[in-house]
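J.: Provide a 3D model corresponding to the input given below.
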Amino acid sequence: MSKSSFSFSAMRTFFGEVSTELKKCAWPTRPELFDSTVVVIISVFLLGGFVAICDLILRELIKLVL
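T.: Residues are numbered from 1 along each chain as shown. As a prediction, the model looks like this:
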């Protein structure tokens with residue numbers, strides 16, 4: 001019994017400390033979050049386009065070689 005009560009006590013302490021630390025965090029505002037999301041989405045599309053173009057070029061080069 002003491003082992004299980006120790007683990008529940010330790011879990012309660014852990015989650016209490018996590019809650020305290022999360023209150024100290026500087027969370028982004030809604031506009032900051034929206035701007036960051038737009039930047040990530042645009043970056044993913046640009047990188048995907050770059051990889052697709054490289055893939056097409058390399059595929060054609062391999063066709064020429066073979």
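
J.: same for whichever helix or strand Ser9 is part of, what does it pack against?
T.: Using DSSP states H and E, Ser9 maps to helix 2-24. If contacts are counted by 3 or more C-beta pairs under 8 Å, 6 or more residues apart in numbering; DSSP states H and E, helix 2-24 sits against no helix or strand. All C-beta spots, glycine's among them, are computed from the backbone N, C-alpha and C.

J.: where does it sit relative to the chain's centre, distance-wise?
T.: 26 Å (C-alpha atoms, centre = their mean, to the nearest Å).

J.: The helix or strand hosting Ile62 - what's its average pLDDT?
T.: Counting by DSSP H and E, the element that carries Ile62 is helix 30-65. Throughout helix 30-65, pLDDT has a mean value of 97.

J.: follow-up on the earlier one: any chance you could list what contacts the helix holding Ser9?
T.: With C-beta atoms under 8 Å, 6 or more residues apart in numbering as the test, helix 2-24 has no contacts from any other residue.

J.: Nearest residue to the middle of this protein?
T.: Nearest residue to the geometric centre of the chain (C-alpha atoms, centre = their mean): Val40, 10.4 Å.

J.: ok, back up a step: tell me the buried residues in the helix holding Ser9?
T.: Of all the residues in helix 2-24, not one is buried under the rule 16 or more other C-beta atoms under 10 Å.

J.: Output that helix as PDB - backbone C-alpha positions only.
T.: Once non-C-alpha atoms are left out, helix 2-24 reads as follows in PDB (Å, rounded to 0.1, in the frame of the first residue of the first chain):
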ATOM      1  CA  SER A   2       2.700   2.500   0.800                       C
ATOM      2  CA  LYS A   3       4.300   2.000  -2.600                       C
ATOM      3  CA  SER A   4       1.100   2.900  -4.500                       C
ATOM      4  CA  SER A   5       0.400   5.900  -2.200                       C
ATOM      5  CA  PHE A   6       4.000   7.100  -2.800                       C
ATOM      6  CA  SER A   7       3.500   6.900  -6.600                       C
ATOM      7  CA  PHE A   8       0.200   8.800  -6.400                       C
ATOM      8  CA  SER A   9       1.900  11.400  -4.200                       C
ATOM      9  CA  ALA A  10       4.800  11.700  -6.600                       C
ATOM     10  CA  MET A  11       2.500  12.100  -9.500                       C
ATOM     11  CA  ARG A  12       0.500  14.800  -7.800                       C
ATOM     12  CA  THR A  13       3.700  16.600  -7.000                       C
ATOM     13  CA  PHE A  14       5.000  16.200 -10.500                       C
ATOM     14  CA  PHE A  15       1.800  17.600 -12.100                       C
ATOM     15  CA  GLY A  16       1.700  20.400  -9.600                       C
ATOM     16  CA  GLU A  17       5.200  21.400 -10.600                       C
ATOM     17  CA  VAL A  18       4.300  21.100 -14.300                       C
ATOM     18  CA  SER A  19       1.400  23.400 -13.800                       C
ATOM     19  CA  THR A  20       3.600  26.000 -12.000                       C
ATOM     20  CA  GLU A  21       6.100  26.000 -14.800                       C
ATOM     21  CA  LEU A  22       3.500  26.300 -17.500                       C
ATOM     22  CA  LYS A  23       2.200  29.400 -15.800                       C
ATOM     23  CA  LYS A  24       5.700  31.000 -16.200                       C
END
